[in-house]
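1. Sequence and predicted model, in that order:
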Amino acid sequence: MKNLSIALIPGDGIGPEVVTEGVKLLKAIEKMDPKLSFSFEEFPWGCEYYLEHGKMMDDDGIEKLKAFDAIYLGAVGYPGVPDHISLWDLLLRIRKEFDLYVNIRPITLLNERLTPLKDKTKKDIDFLVIRENSEGEYAGAGDWLYKGKPEEVVLQTGVFSRKGTERIIRYAYEEARKQKKSLTSISKGNALNYSMVFWDEVFEEVGKEYPDVETYSYLVDAASLYFVSNPERFEIVVTSNLFGDILTDIGAAITGGMGLATGANVNPERKFPSMFEPVHGSAPDISGKGIANPLAALWSVSQMMDFFQEEKWGQLILDTIKDILEETDNLTPDLGGKATTSEVGDRFVELLESNAQKF
Ligand code: NAD
Ligand code: IPM
Ligand code: MN
């Protein structure tokens with residue numbers, strides 16, 4: 001029997017709505033698999049907590065989370081609390097403190113109806129973005145001088161360490177080698193004359209150890225174009241923190257929208273718990289209406305199962321997402337349906353149960 005402990009941070013807005021469905025799914029798996037059990041502890045951290053306590057998480061929050069096998073997070077951020085505070089003190093803090101330096105974001109078209117790109121098929125849109133997740137443009141280094149004065153100056157420094165750059169690029173090469181796929185680095189050396197020139201050098205240097213891996217290197221502006229015009233160019237992509245953030249929203253747009261985009265924040269050395277979350281935010285425009293699409297959050301559970309080396313469940317969840325995408329009646333409005341968040345979650349579990357019986 002494998003007992004896995006999962007810390008739940010539902011967070012803000014639609015976060016709790018979609019995490020509820022993820023927990024429903026995990027409980028269904030537990031029921032079907034006699035070798036697996038999950039224990040959950042929920043943490044009420046987020047913007048409401050901030051308004052009440054003046055902080056986004058408990059003072060010993062990081063200590064508390066350390067004990068878990070994984071963290072399952074909904075979304076963080078809500079009007080009323082400045083975004084840079086809510087995100088830096090909770091989501092980004094966890095990514096940094098736990099050195100979750102790999103962000104794995106699949107860009108895979110699961111149903112051809114869902115892409116706005118004319119003539120693109122499932123075969124054309126099927127790649128993996130590996131985003132640096134611990135430093136770069138998100139280092140939080142900088143200054144704000146002469147605030148409010150005419151000579152006001154702000155500095156936001158990108159920090160690209162040898163260690164941080166090498167390890168993410170190496171991780172991506174390993175993945176490309178393992179999957180026998182090409183590797184594309186996305187950077188911006190023509191304008192960012194320190195950080196991205198360094199990035200490109202490291203990409204080439206590390207590449208010498210992987211002569212078997214076919215490589216490409218694009219500037220981020222052209223890469224944004226290719227994401228839309230020629231997504232079939234990409235198999236495995238490695239890029240910096242900010243570029244990865246932006247590019248994966250384009251990735252979401254070409255595969256069905258934010259309601260379907262997932263990302264795993266991973267510490268490959270497993271020194272700390274990894275964190276699984278949908279790519280989307282708290283969506284204040286639809287929160288409280290019960291219409292948030294839970295499929296991104298369910299896909300996160302698939303990534304979590306892969307991480308737990310329960311790939312059979314990871315694959316089964318992904319297959320079940322493909323199945324439910326065939327049933328327009330059982331989808332939320334963003335995907336053209338009329339179902340509520342919990343109706344999608346219920347139907348999903350039904351489909352998963354029937355798929356699991358085929359094993
Ligand atoms: P968002 O992802 O919350 O929403 C963007 C658009 O996508 C909105 O129109 C929203 O309705 C739609 N959308 C998102 N998820 C959906 C879902 N599951 N089903 C259906 N539609 C969905 O991005 P935003 O509006 O820029 O940000 C809102 C807040 O969330 C901000 O505070 C932001 O900082 C925060 N944010 C948090 C995370 C995170 O916690 N991982 C990620 C992105 C943004
Ligand atoms: C994401 C989000 C976060 C990021 C924000 C909320 C800090 O947009 O996970 O894509 O930029 O990493
Ligand atoms: Mn983002």
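-> Great, that's in hand. Model, not experiment: these values are computed from the prediction. Ligands and ions are numbered 1, 2, ... in the order given.

2. list the buried ones in the host helix or strand of residue 23?
-> Using DSSP states H and E, residue 23 sits within helix 15-32. For helix 15-32, the neighbour count (16 or more other C-beta atoms under 10 Å) marks 15-26, 28-29, 32 as buried. Using the backbone N, CA and C atoms, a C-beta is placed for each residue, glycine as well.

3. and of those residues, the nearest to ligand 1?
-> Taking C-beta to the nearest ligand atom as the measure, residue 18 is the one of these closest to ligand 1, at 5.9 Å.

4. so how far is residue 297 from the residue most central in space within the chain?
-> To find the centre residue of the chain, average its C-alpha atoms and take the closest one (C-alpha atoms, centre = their mean): that gives residue 263, at 1.7 Å. Separation of residue 263 from residue 297 (C-beta to C-beta, to the nearest Å) stands at 11 Å.

5. Quick check: neighbours shared by the two?
-> When contacts are counted by C-beta atoms under 8 Å, 6 or more residues apart in numbering, residue 263 and residue 297 have 277-278 as shared neighbours.

6. who's sitting farthest from the centroid in the chain?
-> If you look at how far each residue of the chain sits from its centre, by C-alpha atoms, centre = their mean, the farthest one is residue 150, at 40.0 Å.

7. where does it land in three-state SS?
-> Three-state assignment for residue 150 (DSSP: H, G, I helix; E, B strand; the rest coil): coil.

8. Around ligand 1, pick out the residues from the stretch 51-200 of the chain.
-> Taking C-beta under 6 Å from any ligand atom as the criterion, the stretch 51-200 of the chain approaches ligand 1 at residues 75-78, 83, 87, 91.

9. same thing but at 8 Å, please
-> By the rule C-beta under 8 Å from any ligand atom, the part of the stretch 51-200 of the chain lying against ligand 1 is 73-79, 83, 86-87, 91.

10. And those residues, which of them are buried?
-> So, by 16+ other C-beta under 10 Å, the buried ones in these are 73-78, 86-87, 91.

11. tell me the two of those residues that are most distant?
-> Within those, two members stand farthest from each other by C-beta to C-beta: 73 and 78, at 14.4 Å.

12. give me the subset of the residues of the stretch 51-200 of the chain next to ligand 1 touching ligand 2.
-> With C-beta under 8 Å from any ligand atom as the criterion, the subset of those in contact with ligand 2 comprises 75-77, 83, 87, 91.

13. Please identify which residue in the stretch 251-359 of the chain comes closest to ligand 1.
-> Counting by C-beta to the nearest ligand atom, the stretch 251-359 of the chain gets nearest to ligand 1 through residue 281 (2.3 Å).

14. quick one: pLDDT of the closest residue to ligand 2 within the stretch 251-359 of the chain?
-> Residue nearest to ligand 2 within the stretch 251-359 of the chain: residue 279 (5.2 Å; C-beta to the nearest ligand atom). At residue 279, the pLDDT value in this model is 98.

15. Any idea how many residues pack against the closest residue in space to residue 146 that isn't next to it in sequence?
-> Leaving out its chain neighbours, the residue that sits closest to residue 146 by C-beta to C-beta, 6 or more residues apart in numbering is residue 152, at 4.9 Å. One way to gauge burial is a neighbour count; for residue 152, by other C-beta atoms under 10 Å, it gives 10.

16. Return the residues in contact with residue 152.
-> With contact taken as C-beta under 8 Å, 6+ apart, residue 152 is in contact with 144-146.

17. how about the strands in this structure?
-> With DSSP state E as the criterion, the chain has strands at 2-11, 36-42, 70-75, 102-108, 126-132, 136-145, 153-159, 183-187, 215-219, 236-239, 262-266, 274-278.

18. re the thing from before, so which of the ones next to ligand 2 among the residues of the stretch 51-200 of the chain next to ligand 1 sit within helices?
-> In this view, those that belong to helices under DSSP state H are residue 83.

19. so which of the ones next to ligand 2 among the residues of the stretch 51-200 of the chain next to ligand 1 comes closest to residue 337?
-> Taking C-beta to C-beta as the measure, residue 75 is the one of these closest to residue 337, at 21.2 Å.

20. ok, that closest one - contacts?
-> For residue 75, the contact set (C-beta under 8 Å, 6+ apart) comprises 11-15, 18, 277-278, 280-283.

21. So is the helix holding residue 23 next to ligand 2?
-> No: remark: helix 15-32 sits outside contact range of ligand 2, by C-beta under 8 Å from any ligand atom, the gap being at least 11.3 Å.
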